[in-house]
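Peer 1: here's a sequence, model it:
(chains A and B)
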Number of protein chains: 2
Amino acid sequence: MKLIKAEVVTIGDEILYGQITDTNTQFISAELDKIGIRTSRKISIGDNREDILQMLEDSTGRADIVLITGGLGPTKDDITKKTIADFTEDSLERREAAMEALRAIFNKFGKELTEINKKQADLPTKCTYLFNAVGTAPGMWFEHNGSIIVSMPGVPYEMKYLMQNEVIPRLMKAFERPVILHRIIRTAGIGESWLATKIESWEDQLPEHIKLAYLPNLSQVRLRLTGTGSDEQTLKAEIDKEVEKLYPLIAEHIHGEGEEELELTIAKLLLAEKATLATAESCTGGFLAHSITSNSGSSEYFLGTVVSYSNQAKIDLLSVKEETLEAYGAVSEQTVIEMAEGARKALKSTFAISTSGIAGPSGGSEEKPVGTIWIAIAGPDKTVTQLITSTKDRINNIKYGSKVALNLLRKVILNEI
Amino acid sequence: MKLIKAEVVTIGDEILYGQITDTNTQFISAELDKIGIRTSRKISIGDNREDILQMLEDSTGRADIVLITGGLGPTKDDITKKTIADFTEDSLERREAAMEALRAIFNKFGKELTEINKKQADLPTKCTYLFNAVGTAPGMWFEHNGSIIVSMPGVPYEMKYLMQNEVIPRLMKAFERPVILHRIIRTAGIGESWLATKIESWEDQLPEHIKLAYLPNLSQVRLRLTGTGSDEQTLKAEIDKEVEKLYPLIAEHIHGEGEEELELTIAKLLLAEKATLATAESCTGGFLAHSITSNSGSSEYFLGTVVSYSNQAKIDLLSVKEETLEAYGAVSEQTVIEMAEGARKALKSTFAISTSGIAGPSGGSEEKPVGTIWIAIAGPDKTVTQLITSTKDRINNIKYGSKVALNLLRKVILNEI
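Peer 2: Numbering: from 1, shown residues only, chains lettered A, B, ... in the order given. Below you'll find the predicted structure:
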């Protein structure tokens, strides 16, 4: 079966000149990869008519699909739409469906449509209109000389909405593709190289058509099995058989599968036990609460947080003893124990997580270097602690500490500690 | 003066298939931008001989400089070096200087050079050897048919070492360059299209050599002026003159310039007034605290947060009245007022921000749809509120609400409200 080739293009001077990081093309090619479409090239060009025309000429000549992000804003420096229309020998006209969507958004805002805004509803007559539920710039789908051209806004969450709801489903209909199946096993609390050693012999016996990828991220490593075949049932059975062999090798490190983040695993565990959670955060500064409340439905089990950046807040809101802070300091096992138990009382929760550490870059010392983070989990029967030393920058020390804390909570709920 | 054009290329399947984020090209084009060299295109291709040859052909035809990262490892899927040699009708030979560097590194780690490692010292005879002090893959500098081709390893810190120590200095010698200056004006609380309307006539009168770009992100829009000229003093004066005309048009929306995030603007304002800050978060779920504490030094002015996901926590920790919650509900102006004033008392801060809303996707109603967010700022003399309706997904409703809240705080501190 012929391999479907895609080129992924970003348009915008801000990416070209290095003013912002491009995360769109990684997301897009990963999504294409999941449905067996191979990204053969990525291109970034500026908001420049000649470059856009040349790119369209070259890319449609090489690839089956050209996915473009950027250059769809209402302002003057955004010329993508007009240029694609010219390339496809087409003209713009106001599209009623797009106007409807614009009116809906502006009514919701209680704001009135300006002439500039209305321009966003002007689309090439030959393109298929792709509804954007999270922004004002519509997506566009063109079929031109045997190639598919898709234009999406550059704002990452708008692009993601369009990819997942409009573009991927259409691409799956448009092409006959080999059967590609992924299964992702999620581990926490074990490093990539340790994991690799534990499963080395299993990895070596995997059949040719089932590939393994390690996807590490902070304290978690996702193992992605990708199988390629012609029959879905057979392929699925083969992958499941391999995963069955894998589980006993690393069972205690597996927290879930697929897209299930650690936060979601914990949500399930808490809901199953009708238990509730609170956090008391010093060095993680609210990130733990944010990562938990990022899940819709978290109000079912999450009661709240005290971020106690000042010692006074630790004393007033979490009943940490002044003597404890004086004797051991804010970054200490004794303090995180009192923080966690204090949060459990103050917020009347079943479990509470606490963190106190030095996120950096400043504030480190000989005995407590930057990256030193104390974590405690208080539960109905016991309080457990863990000390970690992270060697990352501030933001990643915060994220790493939060992930380790969530994994410690998981083990406490499961009585593995 | 002729504008020097560069194309920045990454070679490697892992970037193409979306397994890793490419941060190299952003770094490289930002470095080029600093010395007045314009990145005209970025390209990512795979470890594939034909694609590399085609890229070399196209890019050297278009650009003065082609900067390539990736594909220099000793393993067999790394073919960049051999392919560039073929393109420049050259052959590889072992380079003594490169062998020296390899020996030094392997001695340092007490490892012995394998045959595979030694291959890294085989370089095209015509290239200039670029010493890599932090890795085993040397950089290479080619001059071919009037274009410069530079090949660097894909490992980010190795690429950075080579760019800063070898490539940039050589490029500055190689070209007479125009002066390129940027100035970024940061606005908050006004959408791109409304901003565009307010400054349209100013934008139209900008001279040809000073370009304007809108860089929107949630409730903020950065305006980037990019000037091209021959004399730095003159160009700077011209840009400053334009910015002087811009300020009065949108003064109340400008919070800072350059890389100064809204969080940093607020940090400066609070420190200047020796004031402190606390937050009481419902729908933002700790993100506001996280965005504030992401700045090192925030402990100077940030005291803490109560994330009150449950009504009980609002009552117990923030002294919100039960009657208020019953009469108006948690998502109401009355409740955010009591939350902000309660947080100010509980955490003994000068200012307090509170948020309560429906982040979604569930929990919306006819009169309070998803995206409804109430914000209050409590200060020494007054408490002000703002109602917003966001139309984004859960995570971006949270982020948007937080940014709007920070901007409202800014206006309160500045007595603009």
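Peer 1: what's the domain layout of chain A?
Peer 2: A:4-174, A:179-257, A:262-413 (automatic domain parsing).
Peer 1: to B:Met172, which of the ones you listed lies closest?
Peer 2: Closest to B:Met172 of the domains of chain A is domain A:4-174 (C-beta to C-beta; 17.5 Å). Where you see a C-beta, it was placed from the backbone N, CA and C, and this is true even at glycine.
Peer 1: end to end on that closest one, go ahead and measure it.
Peer 2: Using C-alpha to C-alpha, to the nearest Å, the span of domain A:4-174 from its first residue to its last is 11 Å.
Peer 1: grab the nearest non-local neighbour of A:Trp374.
Peer 2: Of all residues beyond its chain neighbours, the one nearest A:Trp374 is A:Val336 (4.4 Å), with distances taken as C-beta to C-beta, 6 or more residues apart in numbering or on different chains.
Peer 1: for A:Ile292, helix, strand, or coil?
Peer 2: The three-state assignment at A:Ile292 reads helix, by DSSP: H, G, I helix; E, B strand; the rest coil.
Peer 1: thought A:Leu277 was touching it, still the case?
Peer 2: Yes: applying C-beta atoms under 8 Å as the test, A:Ile292 and A:Leu277 come out as touching, 7.1 Å apart.
Peer 1: common neighbours of the two, please.
Peer 2: Counting by C-beta atoms under 8 Å, 6 or more residues apart in numbering or on different chains, the common neighbours of A:Ile292 and A:Leu277 are A:Ile266, A:Phe302.
Peer 1: right, so the domains of chain A: which one is the most enclosed?
Peer 2: domain A:262-413 (a mean of 22; mean count of other C-beta atoms under 10 Å in any protein chain shown).
Peer 1: in TSV: the domains of chain A, plus mean pLDDT.
Peer 2: Shown next, in TSV, are these (pLDDT from 0 to 100):
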stretch	mean pLDDT
domain A:4-174	92
domain A:179-257	91
domain A:262-413	96
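Peer 1: of all those, which lies closest to B:Asp64?
Peer 2: Nearest of those to B:Asp64, taken as C-beta to C-beta: domain A:4-174 at 15.5 Å.
Peer 1: now do the helices in the stretch 251-400 of chain A.
Peer 2: All helices of the stretch 251-400 of chain A, identified by DSSP state H, counting those that start in this stretch, fall at A:262-272, A:287-293, A:311-318, A:322-328, A:333-347, A:394-413.
Peer 1: those helices: which one's closest to B:Ala213?
Peer 2: helix A:394-413 (26.6 Å).
Peer 1: the closest one near chain B anywhere?
Peer 2: Yes: using C-beta under 8 Å from any C-beta of the partner chain, we find that helix A:394-413 touches chain B at A:Arg394, A:Ile395, A:Ile398.
Peer 1: ok, so of the residues you listed, who is nearest A:Ala267?
Peer 2: Closest approach between those and A:Ala267, by C-beta to C-beta: A:Ile398, at 21.1 Å.
Peer 1: OK, contacts around the closest one?
Peer 2: Contacts of A:Ile398 by C-beta under 8 Å, 6+ apart are A:Cys283, A:Thr284, A:Gly285, A:Phe287, A:Ala359, B:His290, B:Thr293, B:Ser294.
Peer 1: could you pull up phi and psi at the last one?
Peer 2: By that I understand B:Ser294. Note on B:Ser294: its backbone torsions stand at phi -70, psi -20 [degrees, to the nearest 10].
Peer 1: just so I know, which of the domains of chain A lies nearest B:Thr25?
Peer 2: B:Thr25 sits nearest to domain A:4-174 of all the domains of chain A, at 7.4 Å, using C-beta to C-beta.
Peer 1: off-centre distance for the closest one?
Peer 2: On the basis of C-alpha atoms, centre = their mean, to the nearest Å, domain A:4-174 sits 21 Å off its chain's mean C-alpha point.
Peer 1: could you save the contacts of A:Ile398 as JSON lines and add columns showing distance to A:Ala237?
Peer 2: Below are the contacts of A:Ile398 laid out as JSON lines (distance: C-beta to C-beta, whole Å):
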{"residue": "A:Cys283", "distance to A:Ala237": "47"}
{"residue": "A:Thr284", "distance to A:Ala237": "43"}
{"residue": "A:Gly285", "distance to A:Ala237": "47"}
{"residue": "A:Phe287", "distance to A:Ala237": "41"}
{"residue": "A:Ala359", "distance to A:Ala237": "47"}
{"residue": "B:His290", "distance to A:Ala237": "44"}
{"residue": "B:Thr293", "distance to A:Ala237": "49"}
{"residue": "B:Ser294", "distance to A:Ala237": "47"}
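Peer 1: and which of those residues is nearest A:Leu218?
Peer 2: When these are compared for distance to A:Leu218 (C-beta to C-beta), A:Phe287 wins out at 11.8 Å.
Peer 1: distance of A:Ile388 relative to B:Thr284?
Peer 2: Using C-beta to C-beta, to the nearest Å, A:Ile388 is found at 27 Å from B:Thr284.
Peer 1: ditto for A:Lys119
Peer 2: 33 Å.
Peer 1: tell me the SS of the nearest residue to A:Cys127 once chain neighbours are set aside?
Peer 2: The shortest distance from A:Cys127 to any non-neighbouring residue, by C-beta to C-beta, 6+ apart, is to A:Met140 (4.3 Å). For A:Met140, the secondary-structure state derived from three-state DSSP is strand.
Peer 1: list the contacts for A:Met140?
Peer 2: A:Met140 makes contact with A:Lys81, A:Ile84, A:Leu123, A:Pro124, A:Cys127, A:Thr128, A:Tyr129, A:Leu130, A:Val150, A:Ser151, according to C-beta under 8 Å, 6+ apart.
Peer 1: in helices, which of those residues appear?
Peer 2: With DSSP state H as the criterion, helices contain A:Lys81, A:Ile84 from among the contacts of A:Met140.
Peer 1: what parts of the stretch 201-350 of chain A come near chain B?
Peer 2: So the stretch 201-350 of chain A meets chain B at A:213, A:215, A:279, A:281, A:285-290, A:292-294, A:296-299, A:302-310, A:312-313, A:316-317, A:346-348 (C-beta under 8 Å from any C-beta).
Peer 1: what about 7 Å?
Peer 2: A:213, A:285-287, A:289-290, A:293-294, A:296-297, A:299, A:302-310, A:312-313, A:316-317, A:346-348 (C-beta under 7 Å from any C-beta of the partner chain).
Peer 1: distance-wise, check A:Glu115 relative to A:Pro153.
Peer 2: Using C-beta to C-beta, one gets 20 Å for the distance from A:Glu115 to A:Pro153.
Peer 1: swap in A:Lys392?
Peer 2: 32 Å.
Peer 1: is A:Glu281 bridged to anything, and to what?
Peer 2: Beta-bridge pairing for A:Glu281 (DSSP bridges): A:Val307, A:Thr355.
Peer 1: so who does it touch?
Peer 2: For A:Glu281, the contact set (C-beta atoms under 7 Å, 6 or more residues apart in numbering or on different chains) comprises A:Leu288, A:Ala289, A:Thr305, A:Val307, A:Thr355.
Peer 1: likewise for A:Ile377?
Peer 2: A:Ala340, A:Phe351, A:Ile353, A:Thr383, A:Val384, A:Leu408, A:Leu409, A:Val412.
Peer 1: next: A:Gly71.
Peer 2: Counted by C-beta under 7 Å, 6+ apart, A:Gly71 has contacts A:Ile11, A:Gly12, A:Asp47, A:Asp78, A:Ile79, A:Thr80.
Peer 1: can you pick out the ones from those residues that are in helices?
Peer 2: A:Thr80.
Peer 1: make CSV from the helices of the stretch 251-400 of chain A and add distance to B:Leu206 to it.
Peer 2: Below are the helices of the stretch 251-400 of chain A laid out as CSV (distance: least, C-beta to C-beta, whole Å):
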stretch, distance to B:Leu206
helix A:262-272, 47
helix A:287-293, 40
helix A:311-318, 49
helix A:322-328, 57
helix A:333-347, 55
helix A:394-413, 36
